[in-house]
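Novice: Take this sequence and fold it.
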Amino acid sequence: MSLFSRSTWLLAAGAVLAVATVAQAHVTIGPKESPLGVREKYVMRVPNERKTATVKVEGFFPAGLKISSFEDKCGWKVETTRDASGAIVSAVWTGEVPVDGYAEFGIIAINPKEGATLAWKFNQTYADGTVVEWSGPKGSKTPGPIVTLTPAPETAPAPAAAAH
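Specialist: Reported below is the predicted structural model:
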């Protein structure tokens, strides 16, 4: 293999890897599975795959998910929106995720008691004004995070009262 063709091949391979890495970078939620009806700590991960800082993340929470609190994050501010019943339905985080960086944010919630999945939606805003909507179906260029709901854990029966 000549030096030219080896260099060309390495350059092409590097370009493919770079594109694959960017395609993988999107707002995610963990864990990927969670039991019905339990209190869960979800972690939103926001990577920055652009050449400019992320300055805002807007989250729209799945119906039936009862959000109770948010992790304090130094340098970030969170503002919530509530529906008529007082339930938190969305939040906006403002701060900065630098180029090639990422941030994680904890969200405490109680899962619904029925259903199969939780579909999360996020808008990621960059310093240059670009907004990416992470709300598409799995396999799309901008997939929204999905959490699979699993059966609720079995509760142990109460111990029988001791006879006297």
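Novice: Could you pull out the helices in this structure for me?
Specialist: 3-24 (DSSP state H).
Novice: the strands in it, which residues?
Specialist: 28-30, 33-35, 39-47, 54-60, 66-70, 77-82, 88-97, 102-110, 117-119, 121-126, 131-134, 146-150 (DSSP state E).
Novice: wait, residue 147 sits on residue 118?
Specialist: Yes: between residue 147 and residue 118 there is a contact under C-beta atoms under 8 Å: 4.3 Å. For glycine as for every other residue, the C-beta is placed from the backbone atoms N, C-alpha and C.
Novice: Report the set of residues contacting both of these two.
Specialist: Here residue 147 and residue 118 have 34, 62 as joint contacts, going by C-beta atoms under 8 Å, 6 or more residues apart in numbering.
Novice: bridging residues for residue 109?
Specialist: residue 40, residue 67 (DSSP bridges).
Novice: dump the residue contacts of it.
Specialist: Counting by C-beta under 8 Å, 6+ apart, residue 109 touches 39-40, 42, 61, 65-68.
Novice: out of those, who's nearest residue 53?
Specialist: Lowest distance from residue 53 to those (C-beta to C-beta) belongs to residue 42, with 23.9 Å.
Novice: Read off the pLDDT value for the closest one.
Specialist: We have a pLDDT of 98 for residue 42.
Novice: now residue 11
Specialist: 43.
Novice: now do residue 26
Specialist: For residue 26, the model assigns a pLDDT of 89.
Novice: Apart from its neighbours in sequence, what residue is nearest it?
Specialist: Of all residues not flanking residue 26 in the chain, residue 134 sits nearest, at 5.4 Å (C-beta to C-beta, 6 or more residues apart in numbering).
Novice: I figured residue 61 was touching residue 82, is that so?
Specialist: No: counting by C-beta under 8 Å, residue 61 does not reach residue 82; the two are 11.0 Å apart.
Novice: I am finished for the moment; much appreciated.
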